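S.K.: Have a look; sequence and predicted model below, questions after that.
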Protein chains: 2
Amino acid sequence: MKIGLDTMGGDFAPQATVLGAIAAYKSFSSGQQLVLIGDKEQTVNILQENNFNPDHFEYVHTTEVIGMGEHPAKAVVQKPDSSISLGFKMLKEGTIDAFSSAGNSGAMLVGAVLSVKTIPGVLRPAITSIMPQLSGALGILVDVGANADCKPEFMPQFGALGSLFAQHVYNVHNPRVALVNIGEEEGKGNVLCQAAYPLMKESKLFNFVGNVEGRGLFYDNADVLVCDGFTGNVILKFAETFYEVTHEKGINDSFFKLFNYEQYGGSPILGVNAPVVVGHGISSPEAIKNMVLISKKMVESALVDKIKLAFQ
Amino acid sequence: MKIGLDTMGGDFAPQATVLGAIAAYKSFSSGQQLVLIGDKEQTVNILQENNFNPDHFEYVHTTEVIGMGEHPAKAVVQKPDSSISLGFKMLKEGTIDAFSSAGNSGAMLVGAVLSVKTIPGVLRPAITSIMPQLSGALGILVDVGANADCKPEFMPQFGALGSLFAQHVYNVHNPRVALVNIGEEEGKGNVLCQAAYPLMKESKLFNFVGNVEGRGLFYDNADVLVCDGFTGNVILKFAETFYEVTHEKGINDSFFKLFNYEQYGGSPILGVNAPVVVGHGISSPEAIKNMVLISKKMVESALVDKIKLAFQ
């Protein structure tokens, strides 16, 4: 098993990414290999500074970098020797089994779709994130930004993708899937939710439990929370400030610490033919480590195969 | 000046509403009269239990009640002797200058539009709420639920309504108006935001400062935050849990206390021809008091006239 990591992606790369790789290495078993994609010289220097034997990793050297502000589609195409483009090329060819990066998230999404393509039957891939629950459980929020505008038929698919992810990567038994909405009853909400609700209700691919309102997002009403990418992104970014604010105020609470997204290592893209994880631009070494480990878990759990089966 | 209050509206009515009226009375000057609309006998009983002279208020007796779960439009029409229907009748006739209720919010919105009508030029009235800022300032969030689906041309109008409200009711000088979005640059977001941005930029009615993301909602990036009613309602309900959660955890922080929506007294409806405020169903006496006082402030500031002028 080969797990690819973009060492050039993210605001604190390559320092943070390489330190993250070192930390992730501890959780790698025999037969599992971390492949570092990026400027090899810089990478090896950092390893040596940290007394880490470079032989533990494989390297693919790159010369170009896709900047955070660059236009995603153009950059992926015009910079074939960037770590992101090369990473996807390798993923497509099967030289690596998973790829993650804290770089340009638009480029990651475009690159994933262009290279390994959407799983047959999946209308739109989605990006997921964790929505911590007061109970200590982890909720999966999907979509958090791949699809700012959605058609109703995407929503039950997001439900299925999220449910399979929760089940196989987080071992949630029979995940409860809810629709984020502005009313509890069927028939409530905007046009999208009104149309999506019956589609979700009739889906055989997951356990639909109805609507969840903004006031219920923390209260373990569901394991998977489905929404359009615009709503999901606003919720996600808003939730991230819970940690920032409590942290700045010196409030030391285990629940609010769950909103420190560092510990989750980023956002998996679900619905493409190989495991891809997008890390937060500001990823610390801890976040990079977790991003790598989630991508590894996606391979170990054969999640993509499970999704392919469900969407046949 | 006559300020109408529905004493039957809300989960804790009439106890909470009448106690709220008593508390609000302290802030009433000569020439300002509180008119209690609802079951007069129950109302007067509560006043007497609290050693409050019933002569301080005027009364309009009602016999019917619109329940929280009733269909808004039907209830307003079919129950003309309910406190909500009667309140709007009086508002329309000018017997009262403002009307507020913690009752069925759908009925409040429908009733407002049917009775006093939308101000000429306003495409859709909007409901606003406070979004507390870390700086201590109050942000105005609009729309929080009147319009689950929006057309781009509604958004600059929400901006103008929110700006006039912030200026005249909260004395904010030259309020900064932002579009809640999922990216900072112009051109970002869903189709609605992409189309709304240029319309907001070109509006002469307010000071547009660009996009604000979910991570920026607390950080005093704007005085007025504009979004569609679905997004606004999810944000609002989500934000309300900040207070609940910190409160339950015994976290005593002045910022999180700002999310106790009791202190704001509900949500003004902007864009109709008279001041109307919708209170939270679970309004306590404190919330009812503040709801009444906000409705009074809307009259004192001649807000409706200012809006009419702006939308001519």
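M.R.: Structure's in. What do you need?

S.K.: Surely A:I130 is within a strand?
M.R.: Yes. When DSSP: H, G, I helix; E, B strand; the rest coil is applied, A:I130 is found to be in a strand.

S.K.: Dump stretch A:120-140 to CSV, restricted to CA.
M.R.: C-alpha atoms of stretch A:120-140 as CSV (Å, rounded to 0.1, in the frame of the first residue of the first chain):
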residue,chain,number,x,y,z
PRO,A,120,-20.0,5.5,-12.1
GLY,A,121,-23.4,6.4,-10.8
VAL,A,122,-22.2,9.2,-8.6
LEU,A,123,-23.6,12.5,-10.0
ARG,A,124,-21.2,14.8,-8.0
PRO,A,125,-18.3,14.0,-5.6
ALA,A,126,-18.7,15.7,-2.2
ILE,A,127,-16.3,16.9,0.4
THR,A,128,-17.0,15.9,4.0
SER,A,129,-16.0,17.3,7.3
ILE,A,130,-16.5,16.4,11.0
MET,A,131,-19.2,18.0,13.0
PRO,A,132,-18.4,17.1,16.6
GLN,A,133,-21.3,16.1,18.8
LEU,A,134,-21.8,16.9,22.5
SER,A,135,-22.1,13.2,23.1
GLY,A,136,-18.5,12.7,22.0
ALA,A,137,-19.6,11.1,18.7
LEU,A,138,-18.3,12.5,15.4
GLY,A,139,-20.9,13.7,13.0
ILE,A,140,-20.1,13.8,9.3
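
S.K.: Give me the distance between the residue nearest to A:N181 when sequence neighbours are not counted and A:Y25.
M.R.: Distances taken as Cβ to Cβ, 6 or more residues apart in numbering or on different chains place A:N211 nearest to A:N181, at 3.8 Å, with adjacent residues excluded. The way it works is simple: take the backbone N, C-alpha and C, and place the C-beta from them, glycine included. If you measure A:N211 against A:Y25 using Cβ to Cβ, to the nearest Å, the figure is 43 Å.

S.K.: quick one: which of the two has more around it?
M.R.: A:N211 (23 against 17; other Cβ atoms under 10 Å in any protein chain shown).

S.K.: partner residues bridging the more buried one?
M.R.: For A:N211, the beta-bridge partners under DSSP bridges are A:L179.

S.K.: wait, what's in contact with it?
M.R.: Listed by Cβ atoms under 8 Å, 6 or more residues apart in numbering or on different chains, the contact set of A:N211 reads A:178-181, A:183-186, A:188-189, A:193, A:197.

S.K.: Out of these, list just those in strands.
M.R.: Among the contacts of A:N211, the members found in strands (DSSP state E) are A:178-180.

S.K.: Nearest to chain B among these?
M.R.: Set against chain B, the nearest of the ones in strands among the contacts of A:N211 by Cβ to the nearest Cβ is A:V180 (6.5 Å).

S.K.: who's in contact with the closest one?
M.R.: Neighbouring residues of A:V180 by Cβ under 8 Å, 6+ apart: A:211-214, A:217, A:225-227, A:231-232, A:235, B:234.

S.K.: Now do the same for it: its pLDDT.
M.R.: Listed pLDDT for A:V180 reads 98.

S.K.: Apart from its neighbours in sequence, what residue is nearest it?
M.R.: Nearest one to A:V180, counting by Cβ to Cβ, 6+ apart, is A:C227 at 3.9 Å.

S.K.: Now that that neighbour has come up, it's in contact with A:L179, right?
M.R.: Yes. The pair A:C227 / A:L179 is scored as a contact, 7.4 Å apart, by Cβ atoms under 8 Å.

S.K.: quick revisit: counting neighbours, which of the contacts of A:N211 end up buried?
M.R.: Neighbour counting with 16 or more other Cβ atoms under 10 Å in any protein chain shown marks A:178-181, A:183, A:188-189, A:193, A:197 as buried within those.

S.K.: Kindly state the domain boundaries assigned to chain A.
M.R.: A:1-119+A:271-303, A:123-260 (automatic domain parsing).

S.K.: Quick one: end-to-end distance for the last one.
M.R.: Separation of the first and last residues of domain A:123-260 by Cα to Cα, to the nearest Å is 31 Å.

S.K.: Report the distance from that domain to the chain centre.
M.R.: Centre-to-centre, domain A:123-260 and its host chain are 14 Å apart (Cα atoms, centre = their mean, to the nearest Å).
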